[in-house]
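[1] Structure for the following, please:
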Amino acid sequence: MKGHCILSHGFESGPDATKVTALAEAAEALGWSHERPDYTDLDARREVSELGDVPARLQRLLARIDAAPAGPVVLAGSSLGAWISGFASLQRPVRALFLMAPPIQMGPAPRLDAADIPLSILHGWDDELIPAGEVVAWAQPRRARLLMVDDSHRLSAHVEASRDAFAD
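    The predicted structure follows:
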């Protein structure tokens, strides 16, 4: 194996979601191992916050990084999965990040941050939850590879584009 990819689904989605499944297929085709942690139990914890137990989500991802096979680790995530991937990259050594529809600001939570590593972002111009301008402004000083598409938050019309951009 060339490395290991950890693919984090979005809020109220799941490990079998269309986009993370497409990314898993791309990783496998390139000779990388992969996993898709399940955060659905944590998303259901509405007594913690309206977005479930976000700190526990981050801790689960960090534990998966710690248990990853030897070699480079790449994190990818959609929406809340992108947010936790960014923060995990600050706490563990990872090779690169691939963020889809990353929330730059989520209420009282800290503003999105990430390690200074190769970073690719896929975001919809018509994202109804995360303004495109915020993502562009966040990506610019990081010199991130940024693919803006004619789509909404779910990026459902760009599953293949997500897979191809991740494979690149």
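[2] Would you mark the buried spots in stretch 156-168?
    Across stretch 156-168, burial judged by 16 or more other CB atoms under 10 Å covers His158, Val159, Ser162, Arg163, Ala165, Phe166. C-beta coordinates here come from the backbone N, C-alpha and C atoms, glycine included.
[3] Would you mind pulling the contact partners of that stretch?
    Stretch 156-168 is contacted by residues 18-19, 22-23, 25-27, 29-30, 76, 98, 100, 120, 122, 124, 147, 149-151, 155 when judged by CB atoms under 8 Å, 6 or more residues apart in numbering.
[4] Just the C-alpha atoms of it, please, in PDB.
    Output of stretch 156-168 as PDB, limited to C-alpha atoms (Å, rounded to 0.1, in the frame of the first residue of the first chain):
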ATOM      1  CA  SER A 156     -24.600  15.800  -5.500                       C
ATOM      2  CA  ALA A 157     -24.100  16.800  -9.100                       C
ATOM      3  CA  HIS A 158     -20.300  16.500  -8.700                       C
ATOM      4  CA  VAL A 159     -19.600  13.100  -7.200                       C
ATOM      5  CA  GLU A 160     -17.400  12.100 -10.100                       C
ATOM      6  CA  ALA A 161     -15.600  15.500 -10.000                       C
ATOM      7  CA  SER A 162     -15.000  14.900  -6.300                       C
ATOM      8  CA  ARG A 163     -13.600  11.500  -7.000                       C
ATOM      9  CA  ASP A 164     -11.400  12.800  -9.800                       C
ATOM     10  CA  ALA A 165     -10.100  15.800  -7.800                       C
ATOM     11  CA  PHE A 166      -9.300  13.500  -4.900                       C
ATOM     12  CA  ALA A 167      -7.400  11.100  -7.100                       C
ATOM     13  CA  ASP A 168      -5.300  14.000  -8.500                       C
END
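[5] re earlier: can I get the buried residues of stretch 156-168 in CSV with distance to Glu35?
    Putting the buried residues of stretch 156-168 into CSV (distance: CB to CB, whole Å) gives the following:
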residue, distance to Glu35
His158, 23
Val159, 19
Ser162, 18
Arg163, 17
Ala165, 20
Phe166, 15
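[6] Which of the residues you listed fall within helices?
    With DSSP state H as the criterion, helices contain Val159, Ser162, Arg163, Ala165, Phe166 from among the buried residues of stretch 156-168.
[7] Good, wrapping up.
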